[in-house]
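[1] pasting a predicted model and its sequence here:
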Amino acid sequence: MPEKELHKKRIIWLDELRGLTIISMVFYHAMWDIVFLYGRQAMWYKGTFGFIWQQSICITFILISGFCFQMDKHPVKRGLLISFWGIVISVVTAIVEPSAIIIFGILTFYGASILIVTLLNKLFCKISSYTGFIISLFLFIITRDLSQGCLGFAGIRFLELPDYLYSNIITTFWGFMEPGFYSSDYFPIIPWIFLFLTGYFFYGIFQKSLLRNLDFKRGTFLSELGKHSLVIYILHQPLLSLLFMLIY
């Protein structure tokens, strides 16, 4: 199958993986509402298991988004659309539930990352997929704890960074979180854009085998969910809120 045909079809297993992850996200956010908005105790959710659950969702989504970037026929349009919905969610949460306000959440990150990578795509195309994959993954690891004032990963601090970098809302957007900043869903550009780029270069590594071997025709319930993940993300929290209002 010629590469250009890939842009006209969908890779079903990617949609299925996205669909499975969107289900996991809905249940995770349902538990968040139960624990933090309705005061139910669930120590397992606040502990290591809950953290791993949350990380599995966001890491999967970001890797898939980076992987699919080169299959997107209109990345600028998509980036602007997702950025718009990120702004809408910030405004709505600020009005409806200020204690759970979302500033620089996952949609804002997605939209900005797509636009940034679009601007730099010609440069990235000159980098070997293997080299880009290794460098991107390495940069994600060493900048994972950037918001905590250092280069580090999983609590291991490699290098302390000066306080002046963490000074305002603009630095917070990039990952240098200013003191006192709060968001119930915070995904700054750094380190997460490096994970996005890990997926981006991962696509290049497996591109030829994808074009030869993947079945594009069959569809499943999970793949249908995956195709509409943005709509589900936007609507799931209002629907959960309505459900819990009826229950509680």
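    All right, it came through fine.
[2] dead centre of the protein: give me the residue that sits there.
    Centroid-nearest residue in the chain: I62, 4.1 Å away (criterion: Cα atoms, centre = their mean).
[3] these two touch, right, that residue and G199?
    Yes - here I62 reaches G199: they are 6.8 Å apart, a contact under Cβ atoms under 8 Å. Every C-beta, even on glycine, is put in place using the N, C-alpha and C of the backbone.
[4] which non-adjacent residue is nearest the residue nearest to the centre of the chain?
    Sequence neighbours aside, L195 is the residue nearest to I62 in space, at 4.8 Å (criterion: Cβ to Cβ, 6 or more residues apart in numbering).
[5] low-confidence ranges in this protein?
    1-10, 208-219 (pLDDT under 70).
[6] try 50
    1-8, 212 (pLDDT under 50).
[7] for this protein, which helix is longest?
    Secondary structure of the chain per DSSP state H: the longest helix is helix 189-213.
[8] same for that one, what does it pack against?
    helix 3-6, helix 48-68, helix 106-124, helix 129-142, helix 169-174 (3 or more Cβ pairs under 8 Å, 6 or more residues apart in numbering; DSSP states H and E).
[9] buried stuff in it?
    Residues of helix 189-213 classed as buried by neighbour count (16 or more other Cβ atoms under 10 Å): 189-204, 210.
[10] now do the contacts for the residue nearest to the centre of the chain.
    Residues in contact with I62, defined by Cβ atoms under 8 Å, 6 or more residues apart in numbering, are 110, 192, 195-196, 199.
[11] repeat that for 6 Å
    Contact partners of I62, counting by Cβ atoms under 6 Å, 6 or more residues apart in numbering, are 192, 195-196.
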